[in-house]
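S.K.: one predicted model, sequence on top.
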Amino acid sequence: MAKPGVIGFLISTFGLSCPRCRKADLFYYPVLRFKKLYKMKSECDYCGQDFEIEPGFYYGSMFISYIISSFFMLISFGIIKFAFKLDVWTTFGIVMALLVLVYFYVFRISRSLWIHFFVKYNPKAVKKQ
């Protein structure tokens, strides 16, 4: 059962599920499976919600991705630099390596967050025939 409210929004967003019914996945494959990592479903398997709302819809998710990546880099740089007392270039290299590792998840989270801003949750969304 999908939860309404902020908690349900966060679970659905970070769980990469449909914003309308919160039951089906947005992407075909899990994050750690490198086969067609960017392949996103065109519609929800459960409620039929269109995930390709209009041409160029996901351009806005690039800004979300930039914001998430920037905060991730700043916070991890500060933690690594001051906790481990490393020099700037070593810290920068470690942060860049970490960012490469989480890039695909950030890409998916930003798309999920973007569509969740525009599609309202409907607990009465019915299963398509």
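M.R.: Looks like it arrived, so ask away.
S.K.: compute the distance between G15 and G93, please.
M.R.: Using CB to CB, to the nearest Å, one obtains 32 Å as the distance from G15 to G93. The C-beta positions use only the backbone N, C-alpha and C, and glycine is treated the same way.
S.K.: surely K39 and L26 touch.
M.R.: No - proximity of K39 to L26 does not meet the contact threshold set by CB atoms under 8 Å, at 10.4 Å.
S.K.: higher neighbour count, those two?
M.R.: Relative neighbour count places L26 above the other of K39 and L26, with 21 against 9, counting by other CB atoms under 10 Å.
S.K.: give me the element the residue nearest the centre of the chain is part of.
M.R.: For the chain, the residue lying nearest the average C-alpha position, counting by CA atoms, centre = their mean, turns out to be I109 (0.6 Å). Element membership of I109, judged by DSSP states H and E, is helix 88-118.
S.K.: residues of that helix that come out buried?
M.R.: Applying a neighbour-count criterion of 16 or more other CB atoms under 10 Å, one finds 91, 94-95, 106-116 buried in helix 88-118.
S.K.: quick one: contacts for S61?
M.R.: With contacts taken as CB atoms under 8 Å, 6 or more residues apart in numbering, S61 has the following neighbours: 110-111, 113-114.
S.K.: just give me the closest of these to M73.
M.R.: When these are compared for distance to M73 (CB to CB), S110 wins out at 14.8 Å.
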